[in-house]
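Enquirer: Below are the sequence and a predicted model for it; my questions follow.
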Amino acid sequence: MTSKTAYNIAIVGATGAVGQKIVQILEDKKFPIDTLKLLSSERSAGKKLLFNNQEIIVEKATAESFAGIDIALFSAGGSVSKALAPKAVEHGAVVIDNTSAFRMDENVPLVVPEVNESDIKAHNGIIANPNCSTIQMVAALQPLKKAFGLSRVIVSTYQAVSGSGNQACNELENQTKQYLENQEMTAELLPVKGDKKHFPIAFNALPQIDVFQENGYTFEEMKMINETKKIMHSPELSVVATCVRLPFFTSHAESVYVELEQDNLAVKDLWDVLTNAEGVVLEDDPSTQTYPTPLSAANKEEVFVGRVRKDIDKSNGFHLWVVSDNLLKGAAWNTVQIAERLIQNNWL
Ligand SMILES: NC(=O)c1ccc[n+]([C@@H]2O[C@H](COP(=O)([O-])OP(=O)(O)OC[C@H]3O[C@@H](n4cnc5c(N)ncnc54)[C@H](OP(=O)(O)O)[C@@H]3O)[C@@H](O)[C@H]2O)c1
């Protein structure tokens, strides 16, 4: 395996919002590919997609799809991963999974390369890609934790509809047209496919992402809480989240309050650390109205941070505004980055 210079790659969910971005990044980054297999459900099987100007016919994903595959990138929902990822591993592939199926499994590394690249090495065939809103937050917090220590995180999210896939984007588009034409808006998907009620997302804000848990938090909120502790190796870290869906297509934004272990720091101290942090871009100058927005971060790989402020009352408290493209760093780019590091470090 280590002597290979090109790899057989499969993408499960290749026709989806994340899968399409993975295809694009593999092409843009000139990932060393021998063969590329594009897999979907029966619905899209037979469809033709372009890769490096060559047509590839999409195939239905089955247990037998993974013969000869070195790396399988999954983004077709948790139930598909649970059913097919172990089959891919049986065929000798390493799976990088974008769903929540294995993230909290203690035998599965949960990885943001800028934060915990070395965890990849301990994989047993499956590596999990964290939730999109978690990835961008830990990328911004890890350098602060390293420099100053971190004891508490309170995050409120402003999340794009593409986080719920292609159908949610269609729903926002249709509802926007309906609203502007004075028609009743039809809501069939959001906040959560399969939940009892649906509400319009156009011209609205929905304080529910994923289903409610017994403790009153949503699954998205609990993902942010539990995944942050696992990725940062900080079980004792105090983390709490409120996750909200808003009517724009791409990039999640987050208002993050942190308490650092070191006291009496100035905004400049945090700027200095964030300026030098891998994968992070500081865009913070109130005098020129410089700060990141979902539109400015869209189609970019980095995590953007602005609006760094010292808390009014707490001397070790700071507020940050963190924005990143949920389909790129939040999903496809983080996945491909893990695949790159697997190869570079001979950890396949
Ligand atoms: N969107 C994000 O920001 C984001 C970020 C991180 C993680 N994720 C996770 O990634 C996964 C996919 O999300 P998405 O936004 O790309 O969804 P999406 O746009 O709805 O795409 C779903 C993909 O899965 C395929 N699929 C569905 N059922 C299948 C089955 N039974 N067998 C094989 N393929 C099947 C679909 O194929 P067809 O074309 O045949 O329907 C399509 O390619 C989800 O688990 C999601 O939670 C999403």
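Expert: Sure thing, it's come through.

Enquirer: Tell me where the protein is predicted with low confidence.
Expert: 1-3 (pLDDT under 70).

Enquirer: Thought residue 209 was touching residue 195, still the case?
Expert: No. With contact defined as Cβ atoms under 8 Å, residue 195 does not reach residue 209; the gap is 11.0 Å. Just so you know, the C-beta spots here come from the backbone N, C-alpha and C atoms, and that holds for glycine as well.

Enquirer: okay, the two: which has more neighbours?
Expert: Higher neighbour count among residue 195 and residue 209: residue 209, with 25 against 13, using other Cβ atoms under 10 Å.

Enquirer: Name the residues of the stretch 1-150 of the chain found near the ligand, please.
Expert: Neighbours of the ligand within the stretch 1-150 of the chain, by Cβ under 6 Å from any ligand atom: 12-19, 40-41, 43-44, 61, 75-78, 80, 98-99, 132.

Enquirer: So which of those residues are in strands?
Expert: Among these, the members found in strands (DSSP state E) are 12, 40.

Enquirer: Which residue does the stretch 101-250 of the chain have closest to the ligand?
Expert: At 3.0 Å from the ligand, residue 165 is the closest residue in the stretch 101-250 of the chain, using Cβ to the nearest ligand atom.

Enquirer: Would you confirm that that residue contacts residue 16?
Expert: Yes. Using Cβ under 8 Å, residue 165 makes contact with residue 16 at a distance of 6.2 Å.

Enquirer: higher neighbour count, those two?
Expert: Each of residue 165 and residue 16 has its neighbours counted (other Cβ under 10 Å); residue 16 has more, 23 against 17.

Enquirer: Tell me where the protein has strands.
Expert: 7-12, 33-40, 48-51, 54-57, 59-60, 71-74, 94-97, 126-128, 150-159, 238-245, 252-260, 280-282, 303-310, 317-324.

Enquirer: Can you add mean neighbour count and give these back as TSV?
Expert: Below are these laid out as TSV (neighbours: other Cβ atoms under 10 Å):
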stretch	mean neighbour count
strand 7-12	25
strand 33-40	20
strand 48-51	14
strand 54-57	12
strand 59-60	15
strand 71-74	28
strand 94-97	26
strand 126-128	25
strand 150-159	20
strand 238-245	20
strand 252-260	22
strand 280-282	20
strand 303-310	22
strand 317-324	23
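
Enquirer: The closest residue to residue 124 other than its chain neighbours - how many residues pack around it?
Expert: Leaving aside its sequence neighbours, residue 124 sits nearest to residue 107 (Cβ to Cβ, 6 or more residues apart in numbering; 5.4 Å). Neighbours of residue 107 under the rule other Cβ under 10 Å: 10.

Enquirer: Also residue 202?
Expert: 19.

Enquirer: again, but for the one 10 residues further on
Expert: Residues near residue 212, counting by other Cβ under 10 Å, number 13.

Enquirer: The closest residue in space to it that isn't next to it in sequence: what's it in contact with?
Expert: Spatial nearest neighbour of residue 212, excluding adjacent residues (Cβ to Cβ, 6+ apart): residue 218 at 5.7 Å. By Cβ atoms under 8 Å, 6 or more residues apart in numbering, the contact set of residue 218 is 208, 209, 210, 211, 212, 243.

Enquirer: Next one: the fifth one relative to residue 239, how far apart?
Expert: Noted for residue 212: a distance of 19 Å to residue 239, by Cβ to Cβ, to the nearest Å.

Enquirer: and what of the third one?
Expert: In this structure, residue 210 and residue 239 are 17 Å apart, going by Cβ to Cβ.

Enquirer: right, and out of the contacts of residue 218, which lies closest to residue 181?
Expert: Each of the contacts of residue 218 was checked against residue 181 using Cβ to Cβ; the closest is residue 208, at 27.0 Å.

Enquirer: The closest one against residue 197, yeah?
Expert: No. In this structure residue 208 lies outside contact range of residue 197 using Cβ under 8 Å: 9.4 Å.

Enquirer: ok, these two, which is more surrounded?
Expert: More crowded of residue 208 and residue 197, by other Cβ under 10 Å: residue 208, with 19 against 8.
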